[in-house]
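**Q** Just need the structure, nothing else, for what follows:
(one chain, ligands or ions: 1)
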Amino acid sequence: MVANLYDAGEARDFVARLGPDCGEDLALRVYTSQLIGRDPGLVLHGGGNTSVKTAVRDAVTGEDLEVLCVKGSGWDLATIEPAGLPAVRLEPLRRLRGVARLADEEMVHRVRAGLLDPAAPTPSVETLLHAFLPHRFIDHTHADAICVLTNQPDGEALIRDALGDRVAILPWIMPGHPLAEAVADAFEAMGPSCEAVVLLHHGIFTFADDAESSYVRMVEHCARAERFAATRAVRSVHVVPAAGACASAADLLPRLRGAVAIGGEDGPRRFVADARTAGDLVAFSLREDAAALCATGPLTPDHVLRTKSSYLFVGAEELRDPAALRAAVARYVDSYRGYFDACRHRAAKTPTMLDPQPRVAVVEGFGVCAFGDDAKAARIAADIAEHTLRGKALAAAVGAYRALPAEDLFDMEYWSLEQAKLGKAARPSLAGQVALVTGGGGAIGCGIADELLRAGAHVVLADLSAERLDAVRRRLAGAHGASRFATETVDVTDEASVADCVARTCARFGGIDIVVPNAGIAHVSTIEDMDPAAFRRVVDVNLTGTLLTIRAVIPVLRSQGTGGAIVLQGSKNVPAPGAGFGAYSASKAGATQLARIAALELAPIGVTVNTVHADAVFGDDEVPSGLWAEVGPDRMRARGLDPDGLRAFYRDRSLLGRSVRPADVGRAVVFFVQATRTTGAALPVDAGVAEAFPR
Ligand SMILES: [Zn+2]
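**A** Numbers count the residues shown, from 1 in each chain. The predicted structure follows:
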């Protein structure tokens with residue numbers, strides 16, 4: 001339920017903290033904007049916008065300027081700060097009221113030209129609407145309950161019944177100058193008794209001359225709409241019981257994710273998945289009309305950018321049969337192409353079609369799965385899908401869910417000002433891919449993860465030691481943020497533990513495309529003195545552990561059907577062994593041979609298998625190499641050398657005279673992942689060791 005969260009003490013704190021720099025009006029605007037942003041029943045992920053009209057003093061001329069501080073693009077109301085509400089000179093905006101025609105680009109140009117700070121983010125596409133209304137504070141949301149009532153055949157009557165007659169109601173109008181004019185006209189026609197404007201199929205604006213009143217009106221109108229919808233929700237729905245056992249996320253997501261990937265010469269474009277399995281979402285998936293509701297449009301057109309207009313429905317039949325699942329995706333893609341072809345004449349310049357793949361799937365008996373280029377995009381789509389499905393279920397219980405027609409949704413989806421919200425950043429080369437790196441708590445594992453993350457991949461780092469993983473997590477979170485990687489404990493010598501780790505990786509990101517079996521230990525001993533138990537331990541981790549890791553991931557790669565890359569860690573010791581290091585060298589030679597066999601066996605499913613032969617990599621104090629800490633001193637003593645000279649010894653013996661860093665190994669891994677025409681190969685990363693040259 002939407003609730004009034006306004007707290008006078010909290011409001012005073014905002015004024016005390018922000019007021020001295022930006023003034024009381026803007027401080028309170030930030031406060032109630034955050035209150036709106038905190039409630040997912042009002043807005044989701046960057047949706048909605050707010051403004052305040054206030055005066056600022058020009059620092060140079062000393063004159064007072066009347067400005068509109070309005071939400072800038074790229075800011076989320078939940079976390080907005082004064083910088084997210086850039087000031088625009090109000091008077092030039094007001095002069096645009098009543099002009100005959102104002103093209104979108106010209107509007108943006110005019111608004112940007114009025115910014116006091118030219119470097120500020122571009123103000124909301126609804127800036128003119130905020131400027132044309134006279135009130136000092138204006139709040140705009142896409143509240144679920146308002147959308148439930150307005151996406152109905154008799155939406156206007158329902159809103160009138162729910163909210164009474166102090167509310168103006170407008171049909172769907174594209175945001176921009178025409179909507180701003182229409183809202184101002186509607187307000188003026190009704191006069192000062194007007195407390196809010198509801199836009200059918202879109203959302204609601206409230207306004208007042210103080211921050212609290214405008215916010216409270218928003219909350220009260222939305223709560224009223226919620227209560228009204230609840231009392232009108234009388235239609236029951238037929239729910240079909242789930243046929244057979246429901247799929248687990250670990251089993252389902254790779255199949256689904258593989259089916260929605262887009263094939264390509266340089267490897268497929270893959271998506272990261274985010275699954276939601278709350279009880280009411282499962283119930284939605286079992287509705288008799290689930291597929292029909294999936295085909296209807298969004299609660300508010302803003303959502304098309306994140307979720308596309310319609311969702312893919314995956315029924316029991318498609319769950320059982322991979323060919324049927326692919327056919328269902330193909331039907332979705334065809335229907336998207338049909339929609340684009342039918343509507344593209346509406347755009348001034350024929351636009352380029354966005355990718356036609358679904359972003360949300362409703363899976364019978366399972367729940368919802370959303371897809372994105374990265375975990376954040378998938379999470380946003382999943383959050384919106386949760387609200388949308390609950391909203392559609394409620395709307396169907398109230399009456400009948402009826403979204404905007406396809407043409408209007410197309411206008412929003414292909415509106416240049418809307419697409420600008422997604423940004424123009426180039427897609428990283430490994431975007432949408434998921435990597436599993438074992439031995440992730442050590443120096444090399446950290447270096448590999450760092451380079452994979454830099455290339456845009458998602459990474460699960462698995463290690464025996466939770467403590468070592470903590471150090472790696474701190475470093476990677478600092479460099480890449482926390483959303484694209486996760487850590488898992490695993491014992492690579494234990495089949496069940498490896499299987500569990502693979503399942504958790506699939507449940508978290510939707511599957512696995514890149515496997516880097518990197519866990520390794522060493523033991524220094526001549527063959528003559530070798531303790532057989534120590535030898536077995538080394539073979540168990542380095543060779544059997546590699547086998548178990550690859551073996552557990554193959555079914556995932558197979559069910560995705562989109563190829564993949566396995567990059568093993570060999571060792572410089574494979575081509576150029578050293579005395580006293582038999583256990584390690586033999587285990588790594590075995591792993592290298594295993595890689596060649598895997599390359600043979602997995603080529604038919606498009607999976608490349610390659611090996612990196614690195615020489616000694618030590619890491620640093622924060623993330624050291626556990627292996628070298630243990631065996632380094634013994635290796636030096638075995639050579640009759642001082643253990644303190646360990647790093648210098650390896651550096652100086654190389655042809656290039658340089659140490660091998662974790663990042664060097666990581667770059668070799670990324671190279672093999674990108675080299676989709678290379679398999680069964682080995683690449684030395686050893687700064688040049690002549691004895692390791694191929695013979
Ligand atoms: Zn809006």
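**Q** wait, doesn't residue 409 sit right on residue 303?
**A** No. Counting by CB atoms under 8 Å, residue 409 sits too far from residue 303 to count as a contact (9.6 Å). From N, CA and C alone the C-beta is placed, and that goes for glycine too.
**Q** Tell me which of those two has more neighbours.
**A** Shown here are residue 409 and residue 303; by other CB atoms under 10 Å, residue 303 has more neighbours (27 against 22).
**Q** Next, the closest residue in space to that one that isn't next to it in sequence: phi, psi?
**A** Among residues not flanking residue 303 along the chain, residue 384 sits closest, at 5.2 Å (CB to CB, 6 or more residues apart in numbering). Taking degrees, to the nearest 10, you get phi -60, psi -40 for the backbone angles of residue 384.
**Q** quick one: the strands in the stretch 301-450 of the chain?
**A** Assigned by DSSP state E, counting those that start in this stretch, the strands in the stretch 301-450 of the chain fall at 312-314, 360-363, 367-372, 434-438.
**Q** Please point out which parts of the second one sit buried.
**A** If I follow you right, that is strand 360-363. Neighbour counts using 16 or more other CB atoms under 10 Å place 360-363 of strand 360-363 among the buried residues.
**Q** outside of that strand, which residues touch it?
**A** 247, 252, 256, 260, 281, 284-285, 290, 294, 307-308, 311-314, 319, 368-371, 381-382, 385, 389 (CB atoms under 8 Å, 6 or more residues apart in numbering).
**Q** cutoff 6 Å now
**A** Residues outside strand 360-363 that contact it (CB atoms under 6 Å, 6 or more residues apart in numbering) are 256, 285, 294, 307, 311-314, 368-370, 381, 385.
**Q** and if you look at stretch 340-349?
**A** With CB under 6 Å, 6+ apart, stretch 340-349 has contacts from 350, 353, 407, 410, 414.
**Q** What residues of that stretch count as buried?
**A** Buried-residue list, stretch 340-349, by 16+ other CB under 10 Å: 340, 343.
**Q** Could I get the CA-only coordinates of that stretch as CSV?
**A** Provided in CSV are the C-alpha atoms of stretch 340-349 (Å, rounded to 0.1, in the frame of the first residue of the first chain):
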residue,chain,number,x,y,z
PHE,A,340,8.1,-2.7,-36.4
ASP,A,341,7.2,-3.1,-40.1
ALA,A,342,3.6,-2.0,-39.5
CYS,A,343,4.5,1.1,-37.5
ARG,A,344,7.9,2.3,-38.8
HIS,A,345,6.2,4.8,-41.2
ARG,A,346,5.1,6.7,-38.1
ALA,A,347,8.7,7.9,-37.4
ALA,A,348,9.9,11.0,-39.2
LYS,A,349,13.1,9.2,-40.2
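**Q** average pLDDT across it?
**A** Averaging pLDDT along stretch 340-349 yields 87.
**Q** And stretch 6-14, by the same measure?
**A** 96.
**Q** cool, and stretch 571-586?
**A** So the average pLDDT for stretch 571-586 ends up being 94.
**Q** again, but for stretch 330-337
**A** When pLDDT is averaged over stretch 330-337, the result is 97.
**Q** How far off centre is it?
**A** How far stretch 330-337 lies from its chain's middle: 23 Å, per CA atoms, centre = their mean, to the nearest Å.
**Q** which parts of that stretch are buried?
**A** Within stretch 330-337, the residues that count as buried by 16+ other CB under 10 Å are 332-333, 336.
**Q** For this protein, which helix or strand comes out least confident on mean pLDDT?
**A** In the chain, no helix or strand scores lower on mean pLDDT, DSSP states H and E than helix 416-419, which sits at a mean of 74.
**Q** now for that helix, which elements pack on it?
**A** Of the remaining helices and strands, none touches helix 416-419 by 3 or more CB pairs under 6 Å, 6 or more residues apart in numbering; DSSP states H and E.
**Q** And the contacts of that helix?
**A** Under the contact criterion CB under 6 Å, 6+ apart, helix 416-419 has outside partners 104, 125, 412.
**Q** For the last one, which non-adjacent residue is closest in space?
**A** If I follow you right, that is residue 412. Going by CB to CB, 6+ apart, residue 412 has residue 301 as its nearest residue, at 3.9 Å.
**Q** That neighbour and residue 347: what is the separation?
**A** 15 Å (CB to CB, to the nearest Å).
**Q** ditto for residue 359
**A** Applying CB to CB, the value for residue 359 to residue 347 is 21 Å.
**Q** now do residue 282
**A** Per CB to CB, residue 282 is found 39 Å from residue 347.
**Q** same thing with residue 170?
**A** Remark: distance between residue 170 and residue 347 (CB to CB) = 24 Å.
**Q** Same check on residue 517?
**A** 49 Å.
**Q** Residue 485 pairs with what?
**A** Per DSSP bridges, the residues bridged to residue 485 are residue 459.
**Q** And for it, the neighbour number?
**A** Neighbour count of residue 485, defined by other CB under 10 Å: 26.
**Q** In this model residue 459 seems to touch it, though I could be wrong.
**A** Yes. With contact defined as CB atoms under 6 Å, residue 485 counts as touching residue 459 (4.4 Å).
**Q** ok, and the closest non-adjacent residue to residue 48?
**A** Residue 48 sits nearest to residue 141 (CB to CB, 6+ apart), 4.4 Å away.
**Q** and the one you found, how far is that from residue 82?
**A** In this view, residue 141 and residue 82 are 21 Å apart by CB to CB.
**Q** Only the buried residues of the least confident helix or strand of the chain, if you could.
**A** 417-418.
**Q** Please apply the same query to stretch 612-625.
**A** For stretch 612-625, a neighbour-count test (16+ other CB under 10 Å) marks 612-619, 623-625 as buried.
**Q** domains of this protein?
**A** Following automatic domain parsing, the chain resolves into domains at 8-232, 249-417, 434-682.
**Q** What confidence value was assigned to the residue in the chain sticking out farthest from the centre?
**A** Distance from the C-alpha centroid of the chain peaks at residue 528, with 55.0 Å (CA atoms, centre = their mean). Residue 528 carries a pLDDT value of 97.
**Q** could I get stretch 569-578 in PDB with only the CA atoms?
**A** Provided in PDB are the C-alpha atoms of stretch 569-578 (Å, rounded to 0.1, in the frame of the first residue of the first chain):
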ATOM      1  CA  GLN A 569      45.400 -23.000 -16.500                       C
ATOM      2  CA  GLY A 570      48.400 -25.000 -17.600                       C
ATOM      3  CA  SER A 571      51.900 -23.900 -16.600                       C
ATOM      4  CA  LYS A 572      55.200 -23.000 -18.100                       C
ATOM      5  CA  ASN A 573      56.300 -26.300 -16.400                       C
ATOM      6  CA  VAL A 574      54.300 -28.300 -19.000                       C
ATOM      7  CA  PRO A 575      56.600 -27.300 -21.900                       C
ATOM      8  CA  ALA A 576      59.700 -26.600 -19.700                       C
ATOM      9  CA  PRO A 577      59.600 -28.700 -16.500                       C
ATOM     10  CA  GLY A 578      61.900 -28.100 -13.500                       C
END
